[in-house]
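1. sequence-free structure coming up:
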């Protein structure tokens with residue numbers, strides 16, 4: 001059995017989202033200083049279309065994680081709710097492989113009971129996770145979907 005490891009989102013995505021929020025905030029401040037007044041519709045639209053979606057995305061990036069250990073697979077969703085599943089409880093695995101001219105992207109979705117969670121190529125320790133799924137889940141439960149976008 002493999003040692004315990006954690007699959008989580010890459011932290012550089014969080015920095016990109018913070019940079020987007022800072023860019024729009026600085027633009028709003030510059031516009032307000034030049035116009036010498038604060039535009040309420042602009043502030044509201046920035047909150048609704050930029051800040052709130054970025055905060056939700058940052059929460060998901062920071063909270064979501066999958067932990068693989070000898071006890072099974074434990075995942076934590078955006079609300080901080082953790083669920084543990086034994087490999088024998090996995091009903092099916094959908095493994096998507098997309099080949100593009102920019103590279104190969106994979107997404108592994110695990111279904112168990114009435115729940116599902118996905119792990120993608122850009123996440124840390126994806127290779128360990130994919131090896132764990134290949135070695136421990138029955139091959140008849142894994143469905144591989146390959147697409148090519150070139």
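-> Here it is on my side, so go on. From a predicted model like this one, the values you see are computed outputs, not experimental measurements. Numbers count the residues shown, from 1 in each chain.
2. give the contact list for the residue lying farthest from the centre of the chain.
-> In the chain, the residue that sits farthest from the middle, by C-alpha atoms, centre = their mean, is residue 36; the gap is 40.8 Å. Applying C-beta atoms under 8 Å, 6 or more residues apart in numbering, one finds that residue 36 lies in contact with no residue. Using the backbone N, CA and C atoms, a C-beta is placed for each residue, glycine as well.
3. any idea how far residue 8 is from residue 70?
-> 19 Å (C-beta to C-beta, to the nearest Å).
4. try residue 47
-> From residue 47 to residue 70 the distance is 46 Å (C-beta to C-beta).
5. equivalent analysis for residue 141, please.
-> Taken as C-beta to C-beta, the span from residue 141 to residue 70 is 20 Å.
6. one step back: between residue 47 and residue 70, which has more neighbouring residues?
-> With neighbours defined as other C-beta atoms under 10 Å, residue 47 and residue 70 compare such that residue 47 has more, 13 against 8.
7. give me the contacts around the longest helix seen in the chain.
-> If you go by DSSP state H, the chain has its longest helix at helix 11-35. Helix 11-35 has contacts (C-beta under 8 Å, 6+ apart) with 38-39, 42-43, 46, 50-51, 54, 57-58, 61-62, 122.
8. buried only: go through these for me.
-> 46, 50, 54, 57, 58, 61 (16 or more other C-beta atoms under 10 Å).
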